[in-house]
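> Just the structure for this:
(one chain, ligands or ions: 1)
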Amino acid sequence: MKITKRAKSLIGLITISAGVLAGCSSNNSSSQESSKKEVVNVYSARHYDVDKELYKEFEKDTGIKVNVIEGKAPELLERLKRESKDTQADVFITSDIANLYQAVDSDLTQNIESEIVEKNIPQNLRGENNEWIGLTKRARIIAYDKEKVSPEELSTYEDLTSDKWKNEILVRSSESTYNQSLLASFIELNGEDKAKAWSEGIVNNFARDPQGNDRDQVKAIAAGEGKLAIVNSYYIGKMVNSEDVEEQKAVEKVGVFFPENAHVNVSGVVLSKYSNNKENAIKFVEYMTEENVQKQFADANSEYPANPNVEPSELLKSWGEFTAQDINLTNVGKYNKRAVEIFNEVNWK
Ligand code: FE
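Residues are numbered from 1 along each chain as shown. Just a heads-up that it's a prediction; the model follows:
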């Protein structure tokens with residue numbers, strides 16, 4: 001009896017082991033299959049529904065699965081630095097040359113070698129060796145109170161420092177990369193002294209201590225707190241298309257003015273130095289520069305497409321043509337640190 005019982009339980013154990021082993025081996029083969037499955041891992045600081053639709057199209061066209069991890073740009077940058085060689089990221093999508101440059105400067109990227117990308121994106125909207133690739137453009141414009149200011153009174157960024165705009169300038173904190181890149185562009189174009197004099201002049205003309213985001217500056221014009229605001233062009237578009245009635249009403253009160261040599265920044269993409277799916281990543285970047293994709297990607301955020309063959313939206317066209325700074329954007333990234341120092345020196349909060 002005893003033996004039989006033992007034998008039975010032994011048989012049971014063997015059966016279980018066999019099952020576990022079978023389970024293991026089938027798990028192994030399926031994980032081998034999944035590692036063979038083509039993927040591209042995207043860290044993205046952009047979160048729009050249209051992005052996901054475009055990624056699905058890419059999956060359909062290529063069979064390459066797009067895995068997206070979303071976060072704010074500084075968080076994703078920190079994560080890339082922390083993960084270093086172990087990162088799963090193949091590409092990183094973010095706004096502002098300040099963020100793109102930080103990824104390049106931290107040695108987290110590699111050059112994107114692609115004739116398709118070079119054909120679709122002009123040289124001034126990518127790094128010298130394709131260290132970064134611009135996907136959309138945005139201008140840092142002057143929004144003005146249509147009741148109190150006529151566009152003939154406006155001209156340059158420098159003019160915003162003149163006494164006639166005392167207590168009338170609304171602009172967000174210097175912690176914003178948008179302001180940092182604007183000032184960095186002045187360092188690149190006019191030198192540090194002039195850039196510092198400009199930021200001092202703006203601080204002297206502040207309508208209030210910097211607060212809120214770009215949309216809040218437009219709302220402050222509507223509330224009569226100041227006549228002019230320095231904001232990114234796409235926020236005007238977002239407010240026009242907003243479901244929020246307060247935003248719609250506020251934006252109706254402002255006009256869009258492009259200063260001479262408007263500061264044009266980008267959102268864009270870099271290829272991770274440690275990408276495990278480099279070919280797929282390059283295909284993905286190429287896809288993002290295609291005309292039909294560019295159209296949807298830019299329009300979703302009221303931005304200008306980086307591909308010059310693609311028309312901007314009707315709203316953007318209604319704002320008219322403008323001249324942009326003739327500038328090396330990589331240097332705007334390089335001067336970011338100095339720009340932050342200058343802001344501190346002139347007490348632009
Ligand atoms: Fe923004």
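> make it CA atoms for all contacts and neighbour counts henceforth
OK.
> Does residue 331 lie in a helix or a strand, and which?
According to DSSP states H and E, residue 331 maps onto helix 329-334.
> no, scratch that, I was asking about residue 230
Per DSSP H and E: strand 228-232 holds residue 230.
> buried stuff in that strand?
228, 229, 230, 231, 232 (16 or more other C-alpha atoms under 10 Å).
> Specify which member of those residues is nearest to residue 152.
residue 228 (13.6 Å; C-alpha to C-alpha).
> The stretch 201-349 of the chain: strands as residue ranges?
Under the criterion DSSP state E, counting those that start in this stretch, strands of the stretch 201-349 of the chain are mapped to 228-232, 254-257, 263-272, 304-305.
> for the last one, packing partners?
What it means is strand 304-305. Using 3 or more C-alpha pairs under 8 Å, 6 or more residues apart in numbering; DSSP states H and E as the contact test, the elements touching strand 304-305 are strand 133-145, helix 291-299.
> taking these together, which one is wrapped up most tightly?
strand 133-145 (a mean of 25; mean count of other C-alpha atoms under 10 Å).
> tell me the average confidence for it?
Taken as a whole, strand 133-145 has an average pLDDT of 98.
> That strand to strand 263-272, inter-axis angle?
Using axes from the mean of the first three to the mean of the last three C-alpha atoms, to 10 degrees, the direction of strand 133-145 lies 150 degrees away from that of strand 263-272.
> If you compare the directions of strand 133-145 and strand 228-232, what angle comes out?
160 degrees.
> Residue 349 and residue 98, how far apart?
Distance, residue 349 to residue 98, using C-alpha to C-alpha, to the nearest Å: 19 Å.
> who has more neighbours, these two?
residue 98 (26 against 13; other C-alpha atoms under 10 Å).
> quick check, that one in a helix?
Yes: counting by DSSP: H, G, I helix; E, B strand; the rest coil, residue 98 is part of a helix.
> what's the burial count for residue 259?
By other C-alpha under 10 Å, the residues close to residue 259 number 21.
> Quick check: mean pLDDT of stretch 211-223?
98.
> typed the wrong thing, it's stretch 288-304
97.
> how many neighbours does the closest residue in space to residue 48 that isn't next to it in sequence have?
The shortest distance from residue 48 to any non-neighbouring residue, by C-alpha to C-alpha, 6 or more residues apart in numbering, is to residue 300 (7.4 Å). Neighbours of residue 300 under the rule other C-alpha under 10 Å: 17.
> Would you check that residue 300 makes contact with residue 50?
Yes: using C-alpha atoms under 8 Å as the test, residue 300 is close enough to residue 50 to be in contact (6.7 Å).
> what sits against the residue most central in space within the chain?
Central residue of the chain (C-alpha atoms, centre = their mean): residue 95, 1.4 Å from the mean position. Contacts here follow C-alpha atoms under 8 Å, 6 or more residues apart in numbering; on that basis residue 95 touches 45, 46, 73, 266, 267, 268.
> Could you point out which residue ranges in the stretch 1-150 of the chain have low pLDDT?
1-36 (pLDDT under 70).
> how about the helices in it?
Taking DSSP state H, counting those that start in this stretch as the test, the helices found in the stretch 1-150 of the chain are 2-36, 49-62, 73-83, 97-105, 115-120.
> So which elements touch the shortest one?
Right, the one you point to is helix 115-120. Using 3+ C-alpha pairs under 8 Å, 6+ apart, helix 115-120 sits against helix 278-289.
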